[in-house]
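A.B. asks: Have a look at this fold, sequence not included:
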Ligand code: F0G
């Protein structure tokens with residue numbers, strides 16, 4: 001799998017800061033990166049916390065049972081642990097420390113000994129008067145990767161210590177993935193031998209399962225016969241007499257833990273301590289919701305594709321660093337930077353590790369986790385390694401590329417890096433205060449570069465939605481069942497859904513936050529007022545009327561503004577827009593520039609309205625017989641093609657002269673504004689928001705399907721400047737849509753819309769959005785795959801005629817191509833050609849439109865560029881085998897809108 005086995009459900013903004021801003025932050029926090037406030041950190045390179053939730057975990061968060069005793073969530077958690085690890089009962093704790101506390105309390109007596117592989121002594125064992133002895137084997141081979149299982153215990157040392165300390169040994173504590181080098185896994189082989197030794201001595205073996213899936217993955221990978229992930233996890237857990245887990249690691253919960261002893265008496269003893277220290281035996285210091293999130297996280301460990309992805313991504317990050325020349329070692333949980341190679345020129349008293357951490361923050365915006373006892377980080381091995389953990393499923397390849405590139409730049413300048421001197425005597429890392437040993441840590445570019453070298457998405461993944469990964473045999477059958485019509489597929493059988501960009505957005509944490517705090521009343525409410533203010537301030541229209549989606553606004557506008565028989569000139573058309581114009585008695589005339597109809601023309605503003613064509617219409621019918629101009633931004637059916645500001649200016653001049661209103665379809669106006677910023681002279685320095693405001697200033701009103709650019713799943717807007725017109729709109733709204741205050745929208749969606757609108761006009765967001773489409777388009781062009789040129793805003797349109805030249809248009813090449821893409825890749829696209837256009841009622845023949853296209857539409861903030869590369873690779877494979885696709889014939893042809901429900905069969909069987 002080379003792309004995520006999930007799509008994005010919720011994203012959270014991450015700050016981009018210029019190095020000089022980070023310098024000021026470091027100065028304010030005494031150059032101790034553990035003190036830098038999180039809102040100043042772009043990349044939190046730590047698993048605990050920043051890892052993302054699945055949507056089921058988020059749902060679990062809302063359904064936790066907060067009963068004091070016997071909570072349902074506790075039984076759910078216990079069942080999840082039982083199913084995966086085979087233990088009968090658990091003792092819940094507030095986190096991993098809580099689990100260890102119960103263990104130490106019961107098992108460690110003064111003078112007792114704990115043998116371990118954890119890299120650091122346990123303060124809890126010491127607090128109970130015990131002693132810790134580290135028996136890790138692999139300290140000396142710090143540069144080897146996880147395949148060498150450097151978490152393994154030194155078996156002869158273990159045997160000798162067990163012999164020497166006899167009954168004083170309280171237990172042997174094996175962390176399956178102890179700290180250091182980004183996580184060093186333990187091998188099943190070693191664990192089985194440890195188990196033999198402990199059993200022979202009657203000493204309990206404690207296994208920390210917090211990273212069990214990563215360790216199982218490394219064990220299963222090269223085993224013969226191959227070990228699947230679930231079996232490997234069960235084997236690892238099966239060696240333990242006592243199991244414990246911190247919920248914040250592999251299960252991606254924020255808090256929580258458990259301990260479980262197989263011996264019923266011991267279990268009972270541990271359980272009796274839970275009321276003293278943690279809570280009750282059925283919640284152990286966790287909320288019900290935390291137990292739900294934890295339980296789901298454990299269940300999700302059993303999905304091998306998830307761990308596969310995490311490890312693949314770690315491999316990619318490691319390779320990127322190595323390619324940039326950086327001395328980095330791959331671990332099972334993160335990547336280790338070799339401090340000695342990096343900063344060999346600094347003496348130990350200038351704290352190279354802390355210096356490197358500060359420098360990595362300064363140039364890359366990344367925070368490496370350094371914590372615990374300060375002294376530990378001054379001596380080997382901890383002093384020589386700076387670990388960047390990889391949060392689970394939170395970052396994209398582009399995020400990691402940005403970090404790796406910036407650390408690569410730091411590596412190039414390593415000799416300029418000056419050290420830090422300590423100015424206090426800290427016991428713990430977070431207490432340390434430093435000052436630069438010389439004037440500056442690193443001389444920064446005096447211009448203070450504000451842009452990263454390789455800018456990535458301005459958000460991280462907060463919540464993901466798992467996707468079903470299917471094989472070709474499965475998809476062949478699903479396609480037959482769907483009658484070779486992608487509309488009839490079940491979305492759960494789809495890997496990447498490129499059917500539409502409408503209502504499919506991943507909302508941000510800020511939008512979700514607003515949705516949980518609404519006042520849900522049908523009457524005048526603050527949310528609708530806030531929306532009006534926001535729309536007014538961004539688009540500039542005086543009167544703002546919410547509707548439930550775009551076509552509702554189109555209906556009202558058309559009915560109010562069109563007199564039967566009037567013309568409505570527009571730049572191409574969208575289906576619902578044209579339908580409502582016609583229902584109101586209007587006649588649509590296409591005045592888009594000719595370039596728009598030529599898929600090979602590379603003119604950038606193919607969405608422009610042709611003023612000469614409009615002039616001709618005015619002369620033909622008279623201005624009075626033109627209802628308004630319908631001006632769509634980033635014209636959908638032309639391939640997401642923008643119009644230019646110059647064109648709008650010309651249009652406005654002409655229309656003002658003849659008193660013809662201009663009504664925008666501003667559904668994709670933000671994307672249009674970005675193209676103007678990028679491509680039109682004079683706009684590069686302007687914000688997208690101000691460009692959008694200027695665009696709208698040339699019009700008199702607009703309809704918007706907010707389900708596209710404005711980053712919501714539902715919503716529409718109707719707006720205008722004329723008060724009398726607005727009154728007529730509102731009168732109709734009451735009858736056709738719902739309350740005046742909300743236009744039939746849920747107040748929660750109104751809040752999401754206000755916030756989505758503001759997020760959509762942030763330059764960094766819209767840049768990442770359009771870049772994604774442009775990069776996809778460029779890669780397809782380079783691969784020789786025929787697409788509509790130039791790549792547009794929200795979609796790439798494949799030219800099915802040129803993709804499948806051997807299929808006649810009456811055998812529906814675009815329909816066949818969409819079906820074949822699904823079978824080959826699991827990606828769902830949409831036919832826009834002969835099937836959609838239908839039959840001529842007079843002749844009964846198919847219309848055979850000029851454009852025979854397949855639309856690959858990109859949802860906003862939902863897919864990563866790894867997903868897009870998956871699309872490119874799949875299309876390349878299919879293009880090479882295009883001869884094996886034959887045309888289709890209808891097996892069922894509906895009378896109206898046949899593309900939705902129509903069923904087909906291939907003329908010859910496909911060899912895909
Ligand atoms: N205008 C344009 C340009 C559209 O693309 C759409 C919908 C609408 C209006 C209608 O708005 O769906 O909110 O009622 N386009 C979707 C698509 C359906 O897949 O392109 P709605």
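C.D. replies: Everything's here; your move. Just so you know, these numbers come straight off a predicted model, no measurement behind them.

A.B. asks: Any idea how many residues pack against whatever residue of the stretch 351-500 of the chain ends up closest to the ligand?
C.D. replies: Closest residue of the stretch 351-500 of the chain to the ligand, C-beta to the nearest ligand atom: residue 500 (3.5 Å). Quick note: C-beta positions are derived from backbone N, CA and C, even for glycine. If you count neighbours by other C-beta atoms under 10 Å, residue 500 ends up with 18.

A.B. asks: quick one: the closest residue to residue 83 other than its chain neighbours and the ligand, what's the gap?
C.D. replies: Excluding its sequence neighbours, the residue lying closest to residue 83 (C-beta to C-beta, 6 or more residues apart in numbering) is residue 299, at 7.5 Å. Distance of residue 299 to the ligand, given as C-beta to the nearest ligand atom, to the nearest Å: 35 Å.

A.B. asks: so residue 299 is in which element?
C.D. replies: helix 288-301 (DSSP states H and E).

A.B. asks: Next, the buried residues of that helix.
C.D. replies: Going by neighbour count (16 or more other C-beta atoms under 10 Å), the buried part of helix 288-301 is 288-301.

A.B. asks: swap in stretch 36-53?
C.D. replies: 36, 40-48, 50-53.

A.B. asks: For the residue in the stretch 401-550 of the chain that the ligand sits nearest to, grab phi and psi.
C.D. replies: Nearest residue of the stretch 401-550 of the chain to the ligand (C-beta to the nearest ligand atom) works out as residue 550 at 2.5 Å. Backbone geometry at residue 550, expressed as degrees, to the nearest 10, gives phi -60, psi -50.

A.B. asks: For burial, what's the neighbour tally of the closest residue to residue 859 other than its chain neighbours?
C.D. replies: Distances taken as C-beta to C-beta, 6+ apart place residue 504 nearest to residue 859, at 4.0 Å, with adjacent residues excluded. Counted with other C-beta under 10 Å, residues neighbouring residue 504 total 20.

A.B. asks: pretty sure residue 504 is in a strand, no?
C.D. replies: No. According to DSSP: H, G, I helix; E, B strand; the rest coil, the state of residue 504 is coil, so it is not within a strand.

A.B. asks: Contacts only, for it.
C.D. replies: Residues near residue 504 by C-beta atoms under 8 Å, 6 or more residues apart in numbering: 497, 707, 713, 859-860, 862.

A.B. asks: and the ligand, which of those residues reach it?
C.D. replies: residue 707 (C-beta under 6 Å from any ligand atom).

A.B. asks: Pull out the buried residues from the contacts of residue 504.
C.D. replies: Here, 16+ other C-beta under 10 Å leaves 497, 707, 713, 859-860, 862 buried among the contacts of residue 504.

A.B. asks: wait, which of these is closest to residue 905?
C.D. replies: Distance to residue 905 across the buried ones among the contacts of residue 504 (C-beta to C-beta) is lowest for residue 497, with 24.1 Å.

A.B. asks: What about the closest residue in space to that closest one that isn't next to it in sequence? Give its phi and psi, please.
C.D. replies: Distances taken as C-beta to C-beta, 6+ apart put residue 828 closest to residue 497, at 5.0 Å, once the chain neighbours are dropped. Phi and psi for residue 828, reported as degrees, to the nearest 10, are phi -100, psi 130.

A.B. asks: mind showing which ranges of the chain have poor pLDDT?
C.D. replies: The model of the chain has pLDDT under 70 over residues 1, 139-143, 445-454.

A.B. asks: Run through the residues of it sitting next to the ligand.
C.D. replies: Close to the ligand, as judged by C-beta under 6 Å from any ligand atom, the chain has residues 500, 502, 549-551, 574, 576-577, 632, 636, 665, 667, 705, 707, 716.

A.B. asks: where exactly do the helices run in the stretch 401-550 of the chain?
C.D. replies: In the stretch 401-550 of the chain, the helices defined using DSSP state H, counting those that start in this stretch lie at 472-481, 509-515, 526-539, 550-561.

A.B. asks: Same question for the stretch 801-912 of the chain.
C.D. replies: Counting by DSSP H, counting those that start in this stretch, the helices of the stretch 801-912 of the chain are 813-825, 834-837, 865-880, 898-901.

A.B. asks: The residue lying closest to residue 589 once chain neighbours are set aside: which element?
C.D. replies: The spatial neighbour of residue 589 that comes closest, neighbours along the chain excluded (C-beta to C-beta, 6+ apart), is residue 569 at 4.8 Å. Element membership for residue 569, per DSSP H and E: strand 567-570.

A.B. asks: Could you give me the buried positions within the helix or strand just after that strand?
C.D. replies: Of the helices and strands lying after strand 567-570 in sequence (DSSP H and E), the nearest is helix 575-583. Within helix 575-583, the residues scored as buried using 16+ other C-beta under 10 Å are 576-581.

A.B. asks: centre of the chain versus whichever helix or strand comes after helix 575-583, how much separation?
C.D. replies: Following helix 575-583 in sequence order, the next helix or strand is strand 587-590 (DSSP H and E). With C-alpha atoms, centre = their mean, to the nearest Å as the basis, strand 587-590 stands 41 Å off its chain's centre.

A.B. asks: This completes my enquiry, with thanks.
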